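Student: just coords:
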């Protein structure tokens, strides 16, 4: 039996989260027991042979960068580790469940996973995301975590290349997956609309995107910007939009279903991503599958995924540079058509089945 530990799992309301754990349990031949954090939305149906247990507790997310806030949130994270560990441990003991391996789907609950690995004497498999890797890279914790994991999966080629020289036998590049039945080119008529998809948090650098759109909008009054997602920076983003008097031009659309996101990508002219850090962003892969050319930051695997599919910005921290790239994208129709064809060609490489098969090969 595989023990899956994941903070997120796809839900009716939040159907773009935790998809890796969802598809791995779906395609797995072994029985899976999944522990995930309880939130106020019904989770996706799982394979009948598997079990899903929700753990309820409250914690806080990292926000403003000050010592008091950091310490307070750190305490809540440690509390979450204790809650997760004891819930999982006593459930397994009570039900007399023998697990064969542990798969931790993000760095959340890493210490719980390490202790459980040692108690049950089973291998530990770990997924490393982009933002969490670059955050941990600054601290000695990274080596400790890698030392205690048997295999590390990363969707990011750049993270794989960084870790390979030192941990070549432990690190596996899996790429990422998308649902091709949902994300495909529907040949809708494209509106004069730009679109961004992702959580509203500092890593996504939405404030810079909005400032860039403000410059672009001064000479392109018929364009709008749609931002899909939610998060802790929502209020800051709303205030910036109001300050620039862009309430009619920029829409904060909140969370949307995958089908709705696909529809909106298909009707948008350009996909924007202004992130400061990424691994292998799923939202970018989904945009390519929908044939939507891109203007994106040169971070993580973005340039690798979107080669020939749009404009990849080295100076992604410069709002004027972003605005100029958007203008260039919409003005050159010949290049735009070529970018669109390349989007569909590149996206052929991404599927959840391919991702799962690669992971299973290392179990």
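Tutor: All right, it came through fine. It should be emphasised that the depicted structure is a prediction, and the values quoted were computed from it without experimental measurement.

Student: report how many residues lie close to the residue nearest to residue 12 when sequence neighbours are not counted.
Tutor: Excluding its sequence neighbours, the residue lying closest to residue 12 (C-beta to C-beta, 6 or more residues apart in numbering) is residue 42, at 4.8 Å. Where you see a C-beta, it was placed from the backbone N, CA and C, and this is true even at glycine. By other C-beta atoms under 10 Å, 9 other residues sit near residue 42.

Student: next one: residue 335
Tutor: Counted with other C-beta under 10 Å, residue 335 comes out at 14.

Student: so what's it up against?
Tutor: Shown in contact with residue 335 (C-beta atoms under 8 Å, 6 or more residues apart in numbering): residue 329.

Student: now do residue 262
Tutor: Contacts of residue 262 by C-beta under 8 Å, 6+ apart are 182-184, 186, 286, 290.

Student: could you measure the residue nearest to residue 12 against residue 257, distance?
Tutor: 13 Å (C-beta to C-beta, to the nearest Å).

Student: over to residue 74?
Tutor: In terms of C-beta to C-beta, residue 74 sits 34 Å off from residue 257.

Student: in the stretch 1-150 of the chain, which spans are strands?
Tutor: 2-6, 32-37, 51-55, 101-104, 124-128 (DSSP state E, counting those that start in this stretch).

Student: check which helix or strand covers residue 208.
Tutor: Assigned by DSSP states H and E, residue 208 belongs to helix 206-217.

Student: for residue 273, see how far away residue 228 is.
Tutor: 12 Å.

Student: nearest residue to residue 25 in space, please, no chain neighbours.
Tutor: Nearest to residue 25 is residue 32, by C-beta to C-beta, 6+ apart, at 4.3 Å.

Student: is it true that that neighbour touches residue 5?
Tutor: No: Residue 32 sits out of contact with residue 5 when judged by C-beta atoms under 8 Å, with a separation of 11.2 Å.

Student: who has more neighbours, those two?
Tutor: A direct count of neighbours by other C-beta under 10 Å for residue 32 and residue 5 places residue 5 higher, at 26 against 20.

Student: can you give me the helices in the stretch 1-150 of the chain?
Tutor: Under the criterion DSSP state H, counting those that start in this stretch, the stretch 1-150 of the chain contains helices at 19-27, 67-94, 110-120, 130-136, 141-148.

Student: what sits up against the first one?
Tutor: Residues from elsewhere that reach helix 19-27, judged by C-beta under 8 Å, 6+ apart: 4, 6, 8-10, 32, 34, 36, 44, 46-47, 50, 103, 105, 127, 177, 282, 352-353, 355-357, 359-360.

Student: mind doing that once more with 7 Å?
Tutor: With C-beta atoms under 7 Å, 6 or more residues apart in numbering as the test, helix 19-27 has contacts from 4, 6, 9-10, 32, 34, 44, 46-47, 50, 105, 127, 177, 352-353, 356, 359.

Student: between strand 51-55 and it, find me the angle.
Tutor: Going by axes from the mean of the first three to the mean of the last three C-alpha atoms, to 10 degrees, helix 19-27 is angled at 150 degrees with respect to strand 51-55.

Student: what do you get for the second one?
Tutor: Here helix 67-94 runs at 140 degrees with respect to strand 51-55, directions being taken by the same axes, to 10 degrees.

Student: now for helix 67-94, which elements pack on it?
Tutor: The helices and strands touching helix 67-94, judged by 3 or more C-beta pairs under 7 Å, 6 or more residues apart in numbering; DSSP states H and E, are strand 51-55, helix 110-120.

Student: tell me which of those sits most buried.
Tutor: The highest mean neighbour count among these, using mean count of other C-beta atoms under 10 Å, belongs to helix 110-120: a mean of 19.

Student: I'd like to know which elements that helix is packed against.
Tutor: Checking 3+ C-beta pairs under 7 Å, 6+ apart, helix 110-120 ends up next to helix 67-94, strand 101-104, strand 124-128, helix 141-148.
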